[in-house]
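**Q** the following comprises the amino acid sequence and a computationally predicted model.
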Amino acid sequence: MGGTHTGDPGLFGPRSVTWQLHADPMMWVAGIRALYFQALHPRAVRGVLQNSDFRQEAWGRLMRIAGFVGTTTYGTKDVAEKAGARVRKIHRMLSAVDPDTGERYGVDEPGLLLWVHCAEIDSYLHVLRRSGYPIADTHADRYIREHLVSARLVGLDPHAVPSNQDEMRAYFEKIRPELAVGVEAREVDDFLRRPPTHPLLVPAREVLWRRVAQLAYASLPPYAHELYGRAAAEPATVTRQLRATGTVLRCVPARLRWQLPPKHILRAMSRLGPGSRPAPYKLGR
């Protein structure tokens with residue numbers, strides 16, 4: 001096999017920025033930051049909470065998002081396209097009601113899908129970069145551009161989606177007046193701080209989960225802390241904490257981390273050969 005690519009490289013392929021970044025363990029912190037960020041859009045978060053029992057479902061939701069990202073990054077083209085079709089089909093069937101106006105709207109409104117997409121991509125990029133992953137501006141722009149593919153998968157028109165850092169910044173500037181913390185965002189915040197756990201696991205939740213959730217929250221932009229009404233540590237302190245966490249997590253051998261189900265990365269490497277192994281140094285190429 002050597003480093004030859006005999007199998008299906010999937011939607012991104014082993015030479016993409018996405019392929020390298022998504023193998024990093026800080027993606028978990030980034031995923032929780034994305035949930036906090038997404039909850040700041042009242043219409044979007046209402047779509048989630050009105051269609052699921054979030055407190056009971058949130059673990060499943062986090063795992064499904066992680067599964068979708070893993071599948072679309074490291075799976076074959078066919079598997080990734082099917083995952084996208086499944087998400088679009090589910091979204092088409094769901095709607096939410098605005099309690100103030102009584103208006104019913106679909107959760108697949110382009111504006112809502114766009115917010116969820118941008119909050120997610122921004123979170124992945126922001127947390128990985130700030131925790132010490134070596135991402136140059138050209139890589140960051142390439143990463144955002146690569147994710148026009150995942151935007152298409154969830155039903156967005158790629159032409160209407162930010163394709164570099166400047167466009168992403170402009171998008172967040174523009175949408176800021178629409179962001180607010182309502183009942184639903186409070187519910188998400190409450191869950192993320194104290195997720196329901198088996199009584200025996202409560203001490204572990206206090207030590208581990210709370211730390212990760214606090215770090216994810218602290219890494220949000222200052223205006224998000226203002227909206228939530230909860231202070232966070234100074235940015236320099238947060239950056240130090242993110243770097244320390246990244247350093248510790250990256251000390252765990254990748255082979256060991258990737259053994260965790262559903263083993264997307266190991267499956268991709270067995271399909272494409274050892275040369276497809278994700279690694280930060282490959283970004284420079």
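**A** Done, it's in. Residues are numbered from 1 along each chain as shown.

**Q** which regions of the protein lie under the pLDDT threshold?
**A** Under the criterion pLDDT under 70, the flagged ranges of the chain are 1-6, 58, 284-285.

**Q** make it 80
**A** By pLDDT under 80, the low-scoring segments of the chain are 1-6, 53-61, 196-202, 204-207, 284-285.

**Q** what are the boundaries of the strands in it?
**A** Using DSSP state E, the strands found in the chain span residues 95-97, 104-106.

**Q** Phe68 is nearest to which of these?
**A** With respect to Phe68, and counting by CB to CB, the nearest of the strands of the chain is strand 104-106 at 19.7 Å. Using the backbone N, CA and C atoms, a C-beta is placed for each residue, glycine as well.

**Q** just the buried residues of that closest one, please?
**A** Within strand 104-106, the residues scored as buried using 16 or more other CB atoms under 10 Å are Tyr105.

**Q** other residues contacting it?
**A** By CB atoms under 8 Å, 6 or more residues apart in numbering, the residues outside strand 104-106 that reach it are 43, 91-92, 94-98.

**Q** filter the residues you listed down to the buried ones.
**A** Members of these that pass the buried threshold by neighbour count (16+ other CB under 10 Å) are listed as 43, 91, 96.

**Q** mind putting these into CSV with distance to Pro158?
**A** Compiled in CSV, the buried ones among the contacts of strand 104-106 are given as follows (distance: CB to CB, whole Å):
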residue, distance to Pro158
Arg43, 22
His91, 17
Ala96, 25
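
**Q** and stretch 44-53, how far out from the chain middle?
**A** For stretch 44-53, the distance between its averaged C-alpha position and the chain's averaged C-alpha position is 18 Å (CA atoms, centre = their mean, to the nearest Å).

**Q** now do the end-to-end distance for it.
**A** According to CA to CA, to the nearest Å, stretch 44-53 extends 15 Å from its N-terminal end residue to its C-terminal end residue.
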